[in-house]
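In: with the input below, show me the fold.
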Amino acid sequence: MTVRDIRTMAPLDRRTFFAAGAGASLIAASTSFAAPLHKGHSPDWRDESWTNRYPQLSLKERDRRLELARKLMVAEGLDCLVIASPTQSHDFVGHYFSNEATPTVIIPKGGEPIAFQDNVSSPTAQRDFELAQALYPERWIKDWRFNEGAPGIASALSEMGLGKARVGCTGLTALWPVSPYMVNGGAPWNKLPLTHSLMTLLPQFEWVDVWSSLLPAIAVKSGEELEQYKKAAHLAERATQLFFDNLRVGGTEADAMAHAAYDIFRHGAWTPSGGSPYISTRPLAESDVVTNEIIVYVGATEAQAGWTSCMGQPGVTMTKLIDAAHMSYELGLRAVRPGLALRELQEIMSPPFRKLNAWNNAPLFHGLSPIFTNGQTSRFVEQGIPSLRQRYFSKHDGELPYSPTFGADIKLQPGMAIHLEPNGQIGRDKVFLGANLLVTADGAEEYSASSRRVHMQTA
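Out: Predicted coordinates for the structure are as follows:
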């Protein structure tokens, strides 16, 4: 897979950039708002060299992850870890240590981990797990327990003879790994039923949040994880082109999305996006602007693409938003480097939208596998949805809540995958883009050519 290397790009003076963009009109193009291709980036999204690879994670990768967890235990003075997946997330934190399903995983200092999988609704489903145990000897965890809930996890912890143990968990005092899309943030781990029950059943344990230490460690991709990420990013690029190629006046968004999703599934990946209830079957008109995104998983490694397509010539407000999105993206792209804190990236990407008083309905950027962001996603939201102020006024002392900024001081490291996602909305006009990057030793590599620019649909 070839990539666009931003090290080949000339430096850009910020004042010049804003001055040039402020009065620029992007509606003169008769096709897509395509940026020039830079050295190292191939326009041939039909390249099959990545689509026909099927990267898997090995037992060596399992051992690397367990070693990472045990080093964390030593550093934090912990006796074991209890790692669960959040209920409102497309991250699979439990899966990270099991490589299947979405269990709660106990990782002791010594010995083998134990996986607890709830919501296995029938004997047939449990039998399937057991058959897989026999058929796939390289499964990461041998000891699977089903539908035991908090009592079963508490019993297993008690049997370990830990006494008054320090137990590490995810999200006890920090917010869940991903909750940027909820206007009032996310629930702390100790308010979720499973963990509340565990803390009640095992009051002698000291429960310690480890997410702020665990997240930066698992966000740095290994060689095997990078193989999965690069394929996912390539399929996201293919999906973008197929979506644009099949989007037309008189056609439907659902039909275009079906072509994109089909290509993902047929190449051994998967997406939750194709079946969204928000995919419209209404015939598109020339006045429509289509915004959407697609999420691509290879295994549990994620890439995304964010799309905006103008079916006709955009209006004045929409053109300003398009300019702002392109500015925000370029500023972010040129800024990404090791050592950059998330709060700094937020400040770099937000001015084009602040200038317009546009509100952001999604983060301006976020990490991938796991999701992490410092973006405030509901800034100025009351301008776009006035009823929210009335709805939340009495609950929040007159101030609208903004989405969480957990991880503001996390610094980018080589091997982290991030998604730049400039977006803004004024009234009913909305722009949304998204492209995949990989942080390198001295900058970033870009894996998206199409979804980083607004697309102008031709007749």
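In: number of residues surrounding residue 162?
Out: For residue 162, the tally of surrounding residues (other Cβ atoms under 10 Å) stands at 17. Every C-beta, even on glycine, is put in place using the N, C-alpha and C of the backbone.
In: what's the closest residue to residue 247 other than its chain neighbours sitting at in phi/psi?
Out: Spatial nearest neighbour of residue 247, excluding adjacent residues (Cβ to Cβ, 6 or more residues apart in numbering): residue 256 at 4.2 Å. Residue 256 adopts backbone torsions of phi -60, psi -40, taken as degrees, to the nearest 10.
In: surely residue 256 touches residue 246?
Out: Yes: using Cβ atoms under 8 Å, residue 256 is in contact with residue 246, at 4.2 Å.
In: just want to know which of those two has more residues nearby.
Out: Using other Cβ under 10 Å as the criterion, residue 256 and residue 246 rank with residue 256 on top: 23 against 16.
In: and residue 83, how far from residue 415?
Out: 21 Å (Cβ to Cβ, to the nearest Å).
In: likewise residue 448?
Out: 18 Å.
In: compare these two (neighbour count), which wins?
Out: Shown here are residue 448 and residue 415; by other Cβ under 10 Å, residue 448 has more neighbours (26 against 18).
In: dump the residue contacts of that one.
Out: 233, 236, 237, 240, 305, 434, 435, 436 (Cβ atoms under 8 Å, 6 or more residues apart in numbering).
In: strands of the stretch 151-300 of the chain, start to end?
Out: 166-169, 206-209, 289-298 (DSSP state E, counting those that start in this stretch).
In: residue 114 is nearest to which of those strands?
Out: Distance to residue 114, taken as Cβ to Cβ, is lowest for strand 166-169 among these, at 13.7 Å.
In: pull the longest helix from the protein.
Out: helix 223-245 (DSSP state H).
In: just list what that one packs against, helices and strands only.
Out: Helices and strands touching helix 223-245, by 3 or more Cβ pairs under 8 Å, 6 or more residues apart in numbering; DSSP states H and E, are helix 48-51, helix 59-76, helix 253-266, strand 289-298, strand 301-310, strand 435-440.
In: make a markdown table out of the contacts of residue 448 and add neighbour count and pLDDT.
Out: Formatted as a markdown table, the contacts of residue 448 follow (neighbours: other Cβ atoms under 10 Å; pLDDT from 0 to 100):
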| residue | neighbour count | pLDDT |
| --- | --- | --- |
| 233 | 31 | 95 |
| 236 | 30 | 95 |
| 237 | 25 | 94 |
| 240 | 25 | 95 |
| 305 | 31 | 95 |
| 434 | 27 | 95 |
| 435 | 29 | 95 |
| 436 | 28 | 96 |
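In: in terms of distance to residue 410, which of these ranks first?
Out: residue 436 (18.5 Å).
In: ok, the closest one - contacts?
Out: Per Cβ under 8 Å, 6+ apart, neighbours of residue 436: 229, 233, 236, 303-305, 368, 417-419, 446-448.
In: switch these over to JSON lines; also include distance to residue 351.
Out: Below are the contacts of residue 436 laid out as JSON lines (distance: Cβ to Cβ, whole Å):
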{"residue": "229", "distance to residue 351": "30"}
{"residue": "233", "distance to residue 351": "27"}
{"residue": "236", "distance to residue 351": "27"}
{"residue": "303", "distance to residue 351": "27"}
{"residue": "304", "distance to residue 351": "24"}
{"residue": "305", "distance to residue 351": "24"}
{"residue": "368", "distance to residue 351": "24"}
{"residue": "417", "distance to residue 351": "25"}
{"residue": "418", "distance to residue 351": "19"}
{"residue": "419", "distance to residue 351": "20"}
{"residue": "446", "distance to residue 351": "21"}
{"residue": "447", "distance to residue 351": "25"}
{"residue": "448", "distance to residue 351": "22"}
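In: for residue 292, give me its contacts.
Out: Neighbour list for residue 292: 243, 253, 257, 273, 279, 306, 307, 432 [criterion: Cβ under 8 Å, 6+ apart].
In: got the contact list for residue 280?
Out: Residue 280 neighbours (Cβ under 8 Å, 6+ apart): 252, 253, 254.
In: if you set the cut-off to 6 Å instead, what comes out?
Out: Neighbouring residues of residue 280 by Cβ atoms under 6 Å, 6 or more residues apart in numbering: residue 253.
In: and the helices and strands packed on helix 223-245 as a markdown table, adding distance to residue 323?
Out: Output for those, formatted as a markdown table (distance: least, Cβ to Cβ, whole Å):
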| stretch | distance to residue 323 |
| --- | --- |
| helix 48-51 | 33 |
| helix 59-76 | 43 |
| helix 253-266 | 24 |
| strand 289-298 | 15 |
| strand 301-310 | 13 |
| strand 435-440 | 17 |
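In: how close does residue 202 sit to residue 73?
Out: 17 Å.
In: sorry, back to before: from the contacts of residue 448, which is closest to residue 330?
Out: Within the contacts of residue 448, proximity to residue 330 (Cβ to Cβ) peaks at residue 435, which comes in at 11.1 Å.
In: wait, the closest one touches residue 452, no?
Out: Yes: using Cβ atoms under 6 Å, residue 435 is in contact with residue 452, at 4.0 Å.
In: OK, contacts around residue 134?
Out: By Cβ under 6 Å, 6+ apart, residue 134 has no neighbours at all.
In: quick one: secondary structure of the nearest residue to residue 107 once chain neighbours are set aside?
Out: Of all residues not flanking residue 107 in the chain, residue 81 sits nearest, at 4.3 Å (Cβ to Cβ, 6+ apart). At residue 81 the chain is in strand, as set by DSSP: H, G, I helix; E, B strand; the rest coil.
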